[in-house]
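> starting from these lines, generate the structure:
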Amino acid sequence: MSKTESGMTNLERLISRYEHLRDQPILDSSRETLSWSQALQQAGCKGLLVEMDKAVAIAKTRLQIAKIPIIGVVGQLNAGKSSVVAMFLSEAGRRRVPRGYESKYGTHRFVYWFPERCRQDPHQEQLIRKILYDAHNQRPEMLSEDTKQAFEQYSSGRDRPEKIPVPLVAYDPGLTEFAFLDCMDIQTKDEPGSKLPSHEPGRRRNERLEFVAQAARVCSAFFVVWERAQLRDRLLYELLDELRQRMADVPMYLLVNKVRPTQPSLLRSILQDDPDVSALKSKFQLNGVYVAMDYEVNGWEDYTPRGLWQDSASNKLRQTNSTDSGKSTERFPMFYTAEPRHFDSPQDIPREYWLVELYRRLEPGQLQQQAAQSHAQEVRRVVREALDSLERWRADCEENTRQAYKGLLTFCSKLFTDERNEPKQVANQQFMSDLHQAMIRNAPRLVRAGEWIGQKSLRAAATVKDWISGLVSLPGVGKARQAWSNICTDLFPSQTEQPSLPFKTAEELAEELQYQRWIPKTCTKHELQALISEVLLTFLKRVELKTDPQELDRMAQDFWNNLPGWEKFKILGKSVVVVVGAAVGLAAGVAALVDGGATLLSTFSLTAWLATNIAGLKALTVAVIGTGSAFGVYYGGLVKHNTLPALAALFYLFCDAFGLPRELSPGGRLCVKFGRGNNQREFVLPKVAVPALRQILPLPNTGIWNWTKEIGEWKELAYERS
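Numbers count the residues shown, from 1 in each chain. Reported below is the predicted structural model:
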């Protein structure tokens, strides 16, 4: 197998692997799996995906059009790019190439010159159009055979920047093995506000340079034309860097034009001693440096190979261009290179060192092999960039998720925390009813004898539920709140102090949530209110808090065993049943409001309610839980069987609605803290079964994403040498 065939085979293998992996999963989370293309788009790297697909498409076409290597002629404004191209064209072709210092003669378009034989072969012509479309994302336009119209097309991008990406195509009988790309300059600044399209938003430094770099993908070699006096120009370094990134292995030659013959050691000073030239050769792996004298300075013949400017073939390098102002004779730049033994006798430099001879010596097969290697290198380079971008996005998503996760848990925890930083309970009918029955079931005989009080409170709760259905028709939540508070007072006049209605509406919660740091500024209050409403409806209607009756019995027994004093016991035995019954009524009322169309969350401190009537409970804190202290089992049960599972359920639903994972890591623990100072305790939220809720307002760039097993193949593709 030849080297050329080997290079093409490696490129074919790379393309095949890329196309296979492109649609395979590369990232997954608890909610979804992303393919390569989906991941890049979601990570905001669509430009990289477009660039990569384009590089692969051009590489595929390159495999089909391997017999037509293209030499790209790029460089500085008025440095002689078009003159270099014209050197190799027929006389008729040269007449269609504008050359001169005036703007109307400048090259402001991409102009491709192909051998005439390509036009005679429909298959090759079709491939040419395809590769140019892949490179420019524009259908090519034919260069007119008319000189004046061709001049206008060459320069049309100057005043119409939208024309710049549209390539021009010409065919010429003077070309045989190679084609040429005559590139626009990269120095002209287009008018501000001109709608010059960009292939790579976000990466632009110089729009024209970006387009030149994009077009460079189709080239098998480069002639970079630059003036001697401008070799330190930053743009030259940027241009060479872009070309090497796109086509790392293709030959690249620096053509130094307009050299002023001012000293005997001129060639040595440029080709050997010039630090600027040496730096360029080393940094960008230039394959050679050629020079051409400035015709405006007398004595240029003394520094140009005699055969080059006297040879009959070289006489063709003089032409007469038709211009609007008449006839003017112009010379083509005569480029050549030399070895140290020629530095002192430039007129005697033999033909093999002339640029025109380099053109003849270039091996199409070798160029295509190097081009294939460059295409493979570029695909790998962009894959590496994409992998790096995905890794950064993955890390950012994880950090954003942790911040949102922490902020959301804090927000939910505050809903379950009273002014003492003690845990509050949620008005869940099932739990409150079961607790009420346990309190009666385990009460002393004297209290059980007054069970009718509890039954009264439960019947009142049912009545309240009916009354509540009428409240929701009142205009405004504020009126409903006041009416509900009045009902509580009327139902239980024996209580020394009745609690105010402890609920928050979806609107109030949205106001609290909107300005939290982890909420995107683009989220509106209306969107958050709609999200909270759906979360609360699901929470109140579908989340069950079922508790083992034996656990409730233990709680009730602890409460009755630790009540202080016989006198207080006689009085409060009745009160505690009423208060717990009131909680049942509150739960029924909340359910009625929800059924009537309101969305709200009711959390309250049952211990604080009791503490208004039991002096011994006023100092009760979470510090007693698990210590054997009075009311420790009772208080711990409220936290364990109501507060923590309800908090976990609400948090899970909010995670679903915001598109966050319910767990940051498998088996991870959610911890919250209640209490203050030395009495502060940390609690682990239990894992509760909560029905999944749809994503309502997914937070951007969040999620815990893990690489799939295909990442190994992607890394192999990205870092393996051809």
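> how distant is the host helix or strand of Q214 from the center of its chain?
According to DSSP states H and E, Q214 maps onto helix 207-215. Distance of helix 207-215 from the chain centroid (Cα atoms, centre = their mean, to the nearest Å) equals 23 Å.
> tell me the helix or strand right after that helix.
Reading on from helix 207-215 to the C-terminus, the next helix or strand found by DSSP H and E is strand 221-227.
> hmm, who's touching that next one?
69, 71-76, 79-81, 84, 216, 233, 236, 239-240, 243, 247, 250-258, 362, 367 (Cβ atoms under 8 Å, 6 or more residues apart in numbering). The C-beta positions use only the backbone N, C-alpha and C, and glycine is treated the same way.
> could you flag which of the residues you listed are buried?
Buried subset of those (neighbour count, 16 or more other Cβ atoms under 10 Å): 69, 71-76, 79-81, 84, 216, 236, 239-240, 243, 247, 250-258, 362, 367.
> which of these fall within helices?
K81, V84, L236, L239, L240, L243, L367 (DSSP state H).
> without its sequence neighbours, what residue ends up closest to the second one?
It refers to V84. V73 (5.2 Å; Cβ to Cβ, 6 or more residues apart in numbering).
> hmm, back to that, pull the CA atoms of the helix holding Q214 into PDB?
The C-alpha trace of helix 207-215 is given here as PDB (Å, rounded to 0.1, in the frame of the first residue of the first chain):
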ATOM      1  CA  GLU A 207     -14.200  38.000  10.200                       C
ATOM      2  CA  ARG A 208     -12.200  37.900   7.000                       C
ATOM      3  CA  LEU A 209      -9.500  35.900   8.700                       C
ATOM      4  CA  GLU A 210     -12.100  33.400  10.000                       C
ATOM      5  CA  PHE A 211     -13.400  33.000   6.400                       C
ATOM      6  CA  VAL A 212      -9.900  32.500   5.000                       C
ATOM      7  CA  ALA A 213      -9.300  29.800   7.700                       C
ATOM      8  CA  GLN A 214     -12.500  28.100   6.900                       C
ATOM      9  CA  ALA A 215     -11.700  28.000   3.200                       C
END
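> avg pLDDT for that helix?
Averaged across helix 207-215, pLDDT comes to 82.
> same question, stretch 156-175
So the average pLDDT for stretch 156-175 ends up being 90.
> got it, and stretch 15-27?
93.
> again with stretch 528-538
According to the model, stretch 528-538 has a mean pLDDT of 94.
> show residues contacting that stretch.
Here stretch 528-538 makes contact (Cβ under 8 Å, 6+ apart) with 506-507, 509-510, 513-514, 519, 594, 599-601, 650, 653-654, 657-658, 691, 693, 696-697.
> hmm, try it at 6 Å
506-507, 509-510, 513-514, 599, 601, 653-654, 657, 693, 696-697 (Cβ atoms under 6 Å, 6 or more residues apart in numbering).
> go on, stretch 173-180?
With contacts defined as Cβ under 6 Å, 6+ apart, stretch 173-180 is touched by 68-71, 85, 89-90, 93, 113-116, 364.
> narrow those residues to those that are buried.
By 16+ other Cβ under 10 Å, these give I68, P69, I70, I71, V85, L89, G93, W113, F114, P115 as buried.
> dump the contacts of stretch 528-538 into CSV; add neighbour count as well.
Below are these laid out as CSV (neighbours: other Cβ atoms under 10 Å):
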residue, neighbour count
A506, 22
E507, 16
L509, 22
A510, 20
L513, 20
Q514, 15
T599, 20
L601, 24
L653, 25
F654, 23
A657, 23
L693, 20
I696, 18
L697, 17
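> quick one: which of the residues you listed is nearest M439?
L601 (24.7 Å; Cβ to Cβ).
> who does that closest one bridge with?
Taking DSSP bridges, one finds K504 as the beta-bridge partners of L601.
> hmm, it is touching T505, no?
No. The criterion here is Cβ atoms under 6 Å, and L601 misses it with T505 at 8.3 Å.
> can you check the distance spanned by stretch 134-141, start to finish?
Terminal residues of stretch 134-141 lie 14 Å apart, using Cα to Cα, to the nearest Å.
> run the chain-centre distance for that stretch.
27 Å.
> and what of stretch 367-378?
29 Å.
> cool, and stretch 404-421?
Per Cα atoms, centre = their mean, the centroid offset for stretch 404-421 relative to its chain is 31 Å.
> may I see the buried residues of that stretch?
Across stretch 404-421, burial judged by 16+ other Cβ under 10 Å covers A404, Y405, L408, L409, F411, C412, S413, L415, F416, T417, R420, N421.
> C-alpha coordinates for that stretch, PDB please?
Listed next in PDB are the C-alpha coordinates belonging to stretch 404-421 (Å, rounded to 0.1, in the frame of the first residue of the first chain):
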ATOM      1  CA  ALA A 404     -29.400  25.400  43.200                       C
ATOM      2  CA  TYR A 405     -29.800  22.200  45.300                       C
ATOM      3  CA  LYS A 406     -28.500  24.000  48.400                       C
ATOM      4  CA  GLY A 407     -30.600  27.100  47.800                       C
ATOM      5  CA  LEU A 408     -33.800  25.100  47.200                       C
ATOM      6  CA  LEU A 409     -33.300  22.900  50.300                       C
ATOM      7  CA  THR A 410     -32.700  26.100  52.300                       C
ATOM      8  CA  PHE A 411     -35.900  27.600  50.900                       C
ATOM      9  CA  CYS A 412     -37.900  24.500  51.700                       C
ATOM     10  CA  SER A 413     -36.400  24.200  55.200                       C
ATOM     11  CA  LYS A 414     -37.500  27.700  56.000                       C
ATOM     12  CA  LEU A 415     -41.000  26.800  55.200                       C
ATOM     13  CA  PHE A 416     -40.800  24.200  58.000                       C
ATOM     14  CA  THR A 417     -39.100  26.400  60.600                       C
ATOM     15  CA  ASP A 418     -40.700  28.600  63.100                       C
ATOM     16  CA  GLU A 419     -39.400  31.800  64.700                       C
ATOM     17  CA  ARG A 420     -37.300  29.800  67.200                       C
ATOM     18  CA  ASN A 421     -35.800  27.800  64.400                       C
END
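> what is the rounded mean pLDDT of it?
Rounded mean pLDDT across stretch 404-421 is 94.
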